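> I'd like to go over a predicted model; first the sequence, then the structure.
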Amino acid sequence: MRNVFKVAPVLALIFMLSACGGGGGTPDPDPIAKGVVDAITGESFSKIWGYYPAHVHDIGKGQAEAKTWRMKEGWERWKDLKPRFEGDNGLDPKDKSGITGGEEKWIGASDAERHAVFLGLYRIYTADDWEKRLKEGGWYMASRNVKLDVEGQGTAEFRFRNRYNDSIEVGCTRENGLWYLAGVEVNIDKKMPEKPKD
């Protein structure tokens with residue numbers, strides 16, 4: 001059975017505990033896409049947070065404060081949240097983030113660190129030969145689709161692939177003439193692809 005890791009930014013916004021300022025935007029979406037791929041392949045997952053617009057950070061602020069209060073007051077419990085991180089299908093199965101091992105670490109983590117966990121990027125570490133695929137995969141841009149709309153709006157979609165056919169998809173949005181990150185999706189099969197056999 002094929003096990004593919006997919007990530008969605010909406011999930012991260014739902015569960016963030018606190019929020020802070022946002023990114024600055026760029027006149028072109030390509031540097032954002034490249035920066036996100038570099039952050040993933042360089043295992044600097046929390047850097048992705050800086051590519052989102054300020055309003056994405058602000059949207060979660062009230063909810064984040066409420067979640068922190070709910071956890072401290074016992075309305076939401078660490079023991080109910082923790083299972084989401086564990087096991088091969090968990091968001092951080094090996095606690096590689098360093099923040100999912102306990103309630104205090106989780107609450108004390110930065111927004112960027114928690115966001116990277118909720119994106120599911122730490123699932124990469126359960127894939128066979130993950131280091132070879134991530135670091136030596138020879139990532140290249142496989143497709144680029146940019147659509148401009150009226151009044152400085154637009155969308156852009158990038159797909160990066162490596163030699164093993166793993167992929168990283170980056171979505172960008174253009175607001176008031178500047179580009180920001182809209183979402184990230186990582187697709188890495190758990191098992192290393194096999195070469196064709198005669």
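Perfect, I can see it now.
> for the protein, what spans make up the strands?
Using DSSP state E, the strands of the chain run over residues 140-148, 154-161, 167-175, 178-187.
> so which of those strands gets nearest residue 118?
Evaluated over the strands of the chain, closeness to residue 118 peaks at strand 178-187, with 11.2 Å, by Cβ to Cβ. Heads up, the C-betas are built off the backbone N, CA and C, glycines and all.
> hey, which helix or strand in this structure has the poorest pLDDT?
When the helices and strands of the chain are compared on mean pLDDT, DSSP states H and E, helix 9-15 comes out lowest with a mean of 35.
> quick revisit: can you list the strands of the chain in TSV and add mean neighbour count?
Compiled in TSV, those are given as follows (neighbours: other Cβ atoms under 10 Å):
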stretch	mean neighbour count
strand 140-148	12
strand 154-161	19
strand 167-175	21
strand 178-187	21
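> which one of these lies nearest to residue 53?
Of all the strands of the chain, strand 178-187 comes closest under Cβ to Cβ, at 4.1 Å.
> now for that closest one, which elements pack on it?
Strand 178-187 is packed against helix 9-15, helix 30-41, strand 154-161, strand 167-175, with contacts defined by 3 or more Cβ pairs under 8 Å, 6 or more residues apart in numbering; DSSP states H and E.
> shaky segments in the protein?
Per-residue confidence for the chain (pLDDT under 70) gives these ranges: 1-24, 59-64.
> before we move on, back to that, what's the closest of the helices and strands packed on strand 178-187 to residue 126?
Per Cβ to Cβ, nearest to residue 126 of the helices and strands packed on strand 178-187: helix 30-41, 15.2 Å.
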